[in-house]
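[1] just a sequence and a predicted model for now, questions to come.
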Amino acid sequence: MTAQNDPPVRTYPSAVAADRPESPVCSYTEWDPLEEVIVGIVDDASFPTWHMALPPVLPGDQHETFRRNAGKPFPPEQVAAARAELEEFVRILEGEGVTVRRPEPIPQRTPYTTLDWTSTGMYAAMPRDAILVVGDDIIECPMAWRSRYYENLAYRPLLKEYFRGGAKWTAGPKPELTDAQFDQEWSDPGEDGPQRLVVTEFEPTFDAADFTRCGRDIIAQKSNVTNDFGIEWLRRHLGDEYRIHVFEFKDSHPMHIDATLVPMAPGKLLIHPERVPEVPELFKGWDVMAAPQPVIPDAHPLYMTSKWINMNILMLDEQRVIVERQDEPMISAMKKFGFTPIPCNFRNFNSFGGSFHCATVDVRRRGILQSYF
């Protein structure tokens, strides 16, 4: 799985409207030089209200924990440990020349009610799920979990600031999230079973983390939060300047693509060795590295993710990559793959369901719209 030749690169001019200042928001890939980023917070992090959207993606040994603690705060010592790691992460980013912005804390355990249901919130720790940046467009995503219905409010001060500075600001259709949005007959297909997704096509829903950007081409997957309706909404919204490619992987419980297939730089791809048994034809000619086995101890709590969260790295440019400090196999693999790893403690943050890519959304990367395929 080694490239014979570098993939061709084509450039597409991206004009700025004459009556609008140059946007403070602009990002086309996962690897252009990072200039500004939003990093999440764990303030008031709480177990979500129990709902049928949770079992399809939670680790099996966490179902009872979530049922029992629904609406309650996560253990304070774990929140404190994750907060300390976030601050370390911020210091590293700033030391590498990146401007870091943070969302505003919002109450997570205050019940809210729509016409059809009542819930409490969860956190604002994972901006990668809630916000999608494509070019100079910053998009609020119509997420499928009721516990995340108002999560975007934590980012509203930033969104207003970016809009006033010249960015586009879009919000996907606000979903009703009634029972019709969820397959009431859903049953667990098991680890080796065929995909059976809990979200229906009643209305469009998607999380930004089910998309990965490679310039003109955007890679997507359907999952337990992202449906065809949501992908088609995004395709029409973005228009002909972009192509969305939808792939299905060997994952019976899909939710978010960024621990399955990770484009790291032009011609460089990191894959999950089990979920991606065959590299999509689109990436023909790219160098491909299978992620090393994760080394997170069995005793370490992972409430909402598998150990393969070790793949959830963040590229600062085509060379520098943020990697979990204790993950020596990944650090070594990155060096062999031609990258410069920057270690950061993040294992306590991993407990909350994400790592460096999840905990961020890149607001501005220095680059232009190109095609890499």
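    Yep, that arrived. Residues are numbered from 1 along each chain as shown.

[2] for this structure, which helix is longest?
    The residue-count maximum for a helix in the chain (DSSP state H) belongs to helix 76-95.

[3] I'd like the next helix or strand past it.
    strand 99-101 (DSSP states H and E).

[4] please enumerate the strands of the stretch 101-250 of the chain.
    Assigned by DSSP state E, counting those that start in this stretch, the strands in the stretch 101-250 of the chain fall at 112-113, 118-119, 131-134, 137-140, 168-171, 211-214, 217-220, 243-246.

[5] and the longest helix of the chain, what's its mean pLDDT?
    Average pLDDT, helix 76-95: 98.

[6] repeat for stretch 349-359
    Rounded mean pLDDT across stretch 349-359 is 98.

[7] all helices of the protein, in order?
    Going by DSSP H, the chain shows helices at 63-69, 76-95, 127-130, 156-164, 228-238, 328-336, 347-350.

[8] check these for me and report the most buried one.
    helix 127-130 (a mean of 27; mean count of other CB atoms under 10 Å). The way it works is simple: take the backbone N, C-alpha and C, and place the C-beta from them, glycine included.

[9] in the stretch 51-200 of the chain, where is pLDDT below threshold?
    Within the stretch 51-200 of the chain, no stretch has pLDDT under 70.

[10] show me what T170 bridges to in the sheet.
    As for beta bridges, T170 partners with I139 under DSSP bridges.

[11] residue contacts, the closest residue to M315 other than its chain neighbours?
    Leaving aside its chain neighbours, M315 sits nearest to W31 (4.4 Å; criterion: CB to CB, 6 or more residues apart in numbering). Taking CB atoms under 8 Å, 6 or more residues apart in numbering, we find W31 in contact with 263-266, 315, 317-318, 365.

[12] scan these and report the most crowded one.
    Among the contacts of W31, M315 has the most neighbours (other CB atoms under 10 Å), with 25 neighbours.

[13] that residue contacts E30, correct?
    Yes: if you go by CB atoms under 8 Å, M315 and E30 touch, sitting 5.6 Å apart.

[14] what touches both of the two?
    Common neighbours of M315 and E30, using CB under 8 Å, 6+ apart, are M264.

[15] neighbours around D258, how many?
    So D258, with other CB under 10 Å, has 25 neighbours.

[16] tell me how far it lies from S46.
    24 Å (CB to CB, to the nearest Å).

[17] please apply the same query to F89.
    22 Å.

[18] now swap in P294 and tell me
    With CB to CB as the criterion, P294 and S46 are 27 Å apart.

[19] same deal with L86?
    17 Å.

[20] re earlier: and the helices of the chain: which comes nearest E176?
    Nearest to E176, of all these, is helix 228-238, at 12.8 Å by CB to CB.

[21] what's the separation between the residue nearest to the spatial centre of the chain and I257?
    What sits nearest the mean C-alpha location of the chain, by CA atoms, centre = their mean, is A209, with 2.9 Å. From A209 across to I257, the span is 7 Å (CB to CB).
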